[in-house]
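J.: Here is a sequence with its predicted model. Questions after.
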Amino acid sequence: MLAAELRLHDVRVLVLDKEPEPVSSFVRVVTLHMRSLELVAMRGLLDRFLERGRQRPVGGVFVAV
């Protein structure tokens, strides 16, 4: 996210990742909460997320114990 923010301000960035492949084979993020969506929208990137993602019904609850 920092690299994307810097790029929006015309700063050239190079992201280096220590691992050649993802450490885990499963996706850890399955939901973007409202505040995250607000921040993405403030940067003008919300349409990119919405066209690639799936919207869920509002009001759902997930509880993990």
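T.: Sure thing, it's come through.

J.: Outside of stretch 15-23 itself, list whatever touches it.
T.: A3 (CB atoms under 8 Å, 6 or more residues apart in numbering). Where C-beta positions appear, they are placed from N, C-alpha and C, glycine not excepted.

J.: Quick one: mean pLDDT for it?
T.: Mean per-residue pLDDT for stretch 15-23: 79.

J.: start to end distance for that stretch?
T.: End-to-end distance of stretch 15-23 (CA to CA, to the nearest Å): 17 Å.

J.: starting at the chain centroid, how far to it?
T.: The gap between where stretch 15-23 is centred and where its chain is centred comes out at 17 Å by CA atoms, centre = their mean, to the nearest Å.

J.: likewise stretch 44-51?
T.: With CA atoms, centre = their mean, you get 10 Å for stretch 44-51.

J.: what's that stretch in contact with?
T.: Counting by CB under 8 Å, 6+ apart, A4, L32, L37, V40 sit against stretch 44-51.

J.: Kindly export that stretch (C-alpha atoms) in CSV.
T.: Extracted in CSV, the C-alpha atoms of stretch 44-51 (Å, rounded to 0.1, in the frame of the first residue of the first chain):
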residue,chain,number,x,y,z
GLY,A,44,-9.4,6.8,-6.9
LEU,A,45,-8.8,3.0,-6.9
LEU,A,46,-12.2,1.7,-5.8
ASP,A,47,-13.4,0.9,-9.3
ARG,A,48,-10.4,-1.4,-9.9
PHE,A,49,-11.3,-3.4,-6.8
LEU,A,50,-15.0,-3.6,-7.5
GLU,A,51,-14.6,-4.8,-11.0
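
J.: So for that stretch, mean pLDDT?
T.: pLDDT averaged over stretch 44-51 gives 85.

J.: give me the element the spatially most central residue of the chain is part of.
T.: The centroid of the chain falls nearest to L32 when counting by CA atoms, centre = their mean (7.0 Å). Assigned by DSSP states H and E, L32 belongs to neither a helix nor a strand.

J.: Alright, that wraps it up for me.
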